[in-house]
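Chemist: Kindly generate the corresponding structure for this input.
(one chain, ligands or ions: 2)
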Amino acid sequence: MKTQVAIIGGGPSGLLLARLLQTRGIESVVLERKTKAYVLGRIRAGVLEQGLVSLMEQAGCADRLHAEGIAHDGTLISYGDEMFRVNFTEHTGKPVMVYGQTEVTRDLYGGLEQSSAQIVFNAEDVVIHNAHTDKPHVTYVVDGKPNRINCEFVAGCDGFHGVSRQTIPIEVRREYEKVYPFGWLGILSETPPVNHELIYANSPRGFALCSMRNENLSRYYIQCSLNDKPENWSDDAFWHELKRRIPTDQADKLVTGPSIEKSIAPLRSFVTEPMRWGRLFLCGDAAHIVPPTGAKGLNTAASDVHYLFNGLRDYYENQSTNGIDKYSEKALARVWKAERFSWWFSSLMHSYPDQSEFDLKMQIAELEFLRSNRAAQQAMAENYVGLPY
Ligand code: RFL
Ligand code: PHB
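Modeler: Numbering: from 1, shown residues only. Ligands and ions are numbered 1, 2, ... in the order given. Model prediction:
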């Protein structure tokens, strides 16, 4: 098989890139290790920046997002029984959109399938060859049969555990990592959200987040130990713990019900540099991870796709290598700012095992500063709605 861009990974980064390339007549093949049902079964991000919404529009896949997504003009932040609001539209002129990653992925699959894009599921043993030459190729196995794609570029969109990053020689790659000493236990339940806006809660018992997918589908998270297992948490135990971490007036309103999904995610900050090696370009989680506190994972994946798509477009339409040559530098400049924000917000909101009384006082002082200071709220709002591309 032959194509212009071989895309490794059929998560949101890979699908968005494939769909944007398709709108410009640039050919690609997506190789996904799992099945479509498996990819659509993963419950992940829920908050979209305007930049991602615009990319979905450009991809022609934003109809449902506009019909069903919920615009949020601000967010609530609590500590103990205190709660305040950061107003996004007042400070930045922009809201964020609450719409699940699962739905983004479904809409992208829909767009790609309608225009008969090439997506190969169950692609095992993907290997990227000769990425540092002008003639890369990719080999993989489906149903036990070996296959080969000759291509001009390879986009590594295969997430944190993929093969693309590992293809960059260790002497060239530099990795930066911070692992947090806790995880998030999340549940999805068919209950009305406790509040019409998200609540990020700092409590002496640990962090909690009240989020949603729609008016009858809630997503809640509580900070948990890395040794915890979802099966050790009954629904009742989860609701009981959540109520103890959010302000009493919110806990009193909380509607509980059976969970329809329950999982634990570890928290990590990670960046690899550079994001390009020859004709291989890394996008999204393949290159960087943020703790989910700032809702930046999916959104940073989208800004990478924006830079790469424009670089490839420039290459194919104007015979210019300028965009692809600048890709790593431009993507990383934005990634590091999202890393900083996610790290800052995570540090502010979680309980740390080795936290001293002094550290606790610092968290409260910072929350009180944020509550009362316009400039601090503006900085938070600008980062949360997404820094410019
Ligand atoms: P993904 O979504 O991981 O998709 C990568 C795809 O590549 C496939 N793959 C391979 N395919 C072929 N060959 C291989 N060797 C392959 N190895 C892997 C995988 O099957 C998969 O389909 O990366 P992508 O597209 O870059 O998208 C990034 C986002 O998914 C990610 O940033 C966010 O979901 C992060 N994240 C969250 N972000 C938020 O903003 N808010 C959240 O609440 C939030 N929750 C989460 C999350 C990430 C999680 N992970 C990664 C464990 C919760 C979890 C559990
Ligand atoms: C979610 O709804 O899953 C969600 C929202 C905001 C975050 C993280 C996760 O910061």
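
Chemist: what mean pLDDT does stretch 293-311 have?
Modeler: Averaging pLDDT along stretch 293-311 yields 98.

Chemist: Same check on stretch 157-177?
Modeler: Rounded mean pLDDT across stretch 157-177 is 98.

Chemist: Run through who's touching it.
Modeler: With contact meaning CB atoms under 8 Å, 6 or more residues apart in numbering, stretch 157-177 is reached by 7-11, 13-14, 17, 33, 126-128, 131, 154, 156, 268-274, 277, 280, 282-287, 289. Quick note: C-beta positions are derived from backbone N, CA and C, even for glycine.

Chemist: Need the distance between the two termini of that stretch.
Modeler: Length of stretch 157-177, first residue to last, CA to CA, to the nearest Å: 19 Å.

Chemist: same check, this time on stretch 68-84
Modeler: Taking CA to CA, stretch 68-84 runs 27 Å from one end to the other.

Chemist: go on, stretch 224-234?
Modeler: One end of stretch 224-234 to the other measures 14 Å (CA to CA).

Chemist: re the thing from before, restricted to helices, list the contacts of stretch 157-177.
Modeler: The members of the contacts of stretch 157-177 that map onto helices under DSSP state H are S13, G14, L17.

Chemist: And the lengthiest helix in the chain, what does it pack against?
Modeler: Under DSSP H, the helix in the chain containing the largest number of residues is helix 322-349. When contacts are defined as 3 or more CB pairs under 8 Å, 6 or more residues apart in numbering; DSSP states H and E, helix 322-349 packs onto strand 199-202, strand 259-273, strand 276-277, strand 280-282, helix 297-318, helix 357-372, helix 374-385.

Chemist: tell me what the longest one is packed against?
Modeler: Helices and strands in packing contact with helix 297-318 are listed as helix 12-23, strand 47-48, helix 50-58, helix 322-349; criterion 3+ CB pairs under 8 Å, 6+ apart.

Chemist: between that helix and helix 374-385, how many degrees?
Modeler: Angle of helix 297-318 versus helix 374-385, following axes from the mean of the first three to the mean of the last three CA atoms, to 10 degrees, is 60 degrees.

Chemist: do helix 297-318 and ligand 2 meet at all?
Modeler: No. Using CB under 6 Å from any ligand atom, helix 297-318 stays clear of ligand 2, with a minimum separation of 8.4 Å.

Chemist: report the angle between the axes of that helix and helix 50-58?
Modeler: 50 degrees.

Chemist: ok, is helix 297-318 in contact with ligand 1 or not?
Modeler: Yes. Judged by CB under 6 Å from any ligand atom, helix 297-318 comes into contact with ligand 1 at G297, L298, A301.
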